[in-house]
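# dropping the sequence and predicted coords here.
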Amino acid sequence: MDPNLQLMLYVIPTVVGFLLVLPFSKALTGPLVGTFPSLATERGRLFGGLKLITLSGFAVSVQTLWISSKVSEGGNYCSSTSVFSCDDVIGNSMYNTDPVFGLPWGGIGMMVFALLLYFTLTTSAEPNELWVSNYLKMGTLVTVLGIPVILLLISYEYKIEKICQYCTTAHVANIAALVGFFRLMRMSETPEWNEKPEKKGA
């Protein structure tokens, strides 16, 4: 499969999830409520969006780790003469691992998004448990800590003069997850958390 076409498997759910966690999502989901009743409430839209975002973030991180392994073995996946070339970024031995532990960035992304997905699934399943607030705060903190990492990786791309489209998708997923977790954290402290769907004809 063409690398850019495969990238859409991650980009589309990330963008849809991002739209769901934004404040105006109600206006976008009206026609879908009949099929997906959870979208009738703000909390339901936020959780739905976060599930898409964190799952896509995990999947694209797995892909970047696989690309890193493939390039290190002498192969290539999405090499290009244009500015977009994930091989040139992920395969660069100077920048493809974190500077502290030497772990591949794709592996770190996998662990982070797996944790965020766990927070999302558990809190959405038991939204009124006492530990939910702590999970939402931890999810917010993890995604905030991801911002300086994103800036570091962007600086690497600037030095290499190449952009990794798979990496960028993971970056967007982290920012989208930050918005979702922050809004859920704030909402959990208000009566809106237990908002009931509006009845038709009411």
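Alright, I've got the coordinates.
# the bottom helix or strand of the chain by mean pLDDT?
Least confident helix or strand, the chain: helix 86-90 with a mean of 76, by mean pLDDT, DSSP states H and E.
# keeping just the C-alphas, turn that one into CSV.
Output in CSV follows, covering the C-alpha atoms of helix 86-90 (Å, rounded to 0.1, in the frame of the first residue of the first chain):
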residue,chain,number,x,y,z
CYS,A,86,9.6,9.7,7.1
ASP,A,87,12.6,7.5,6.3
ASP,A,88,15.0,10.4,6.4
VAL,A,89,13.7,11.5,9.8
ILE,A,90,13.0,8.2,11.6
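# quick one: contacts of the following helix or strand past that helix?
On the C-terminal side of helix 86-90, the nearest following helix or strand under DSSP states H and E is helix 105-125. For helix 105-125, contacts defined as CB atoms under 8 Å, 6 or more residues apart in numbering pick out 47, 50-51, 54-55, 57-58, 60-68, 90, 96-98, 129, 132, 135-136, 138-139, 142-143, 146, 153, 167, 170, 173-174, 177, 181, 184. C-beta: built from backbone N, CA, C; applies to glycine.
# state which helix of this protein is the longest.
helix 42-72 (DSSP state H).
# and that helix, what does it pack against?
Counting contacts by 3 or more CB pairs under 8 Å, 6 or more residues apart in numbering; DSSP states H and E, helix 42-72 packs against helix 3-21, helix 25-29, helix 86-90, helix 105-125, helix 165-187.
# one more time with 6 Å
helix 3-21, helix 86-90, helix 105-125, helix 165-187 (3 or more CB pairs under 6 Å, 6 or more residues apart in numbering; DSSP states H and E).
# worst mean pLDDT among those?
In terms of average pLDDT, helix 86-90 trails the rest of the helices and strands packed on helix 42-72, at a mean of 76.
# at the geometric centre of this structure, which residue sits there?
When CA atoms, centre = their mean is applied to the chain, the residue found nearest the centroid is residue 173 (2.7 Å).
# name the nearest residue to it, sequence neighbours excluded.
residue 57 (3.5 Å; CB to CB, 6 or more residues apart in numbering).
# so the residue nearest to the centre of the chain touches residue 52, yeah?
No: using CB atoms under 6 Å, residue 173 is not in contact with residue 52; the gap is 9.3 Å.
# hmm, back to that, got JSON lines for the helices and strands packed on helix 42-72, with distance to residue 43 too?
Converted to JSON lines, the helices and strands packed on helix 42-72 look like this (distance: least, CB to CB, whole Å):
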{"stretch": "helix 3-21", "distance to residue 43": "11"}
{"stretch": "helix 86-90", "distance to residue 43": "36"}
{"stretch": "helix 105-125", "distance to residue 43": "9"}
{"stretch": "helix 165-187", "distance to residue 43": "6"}
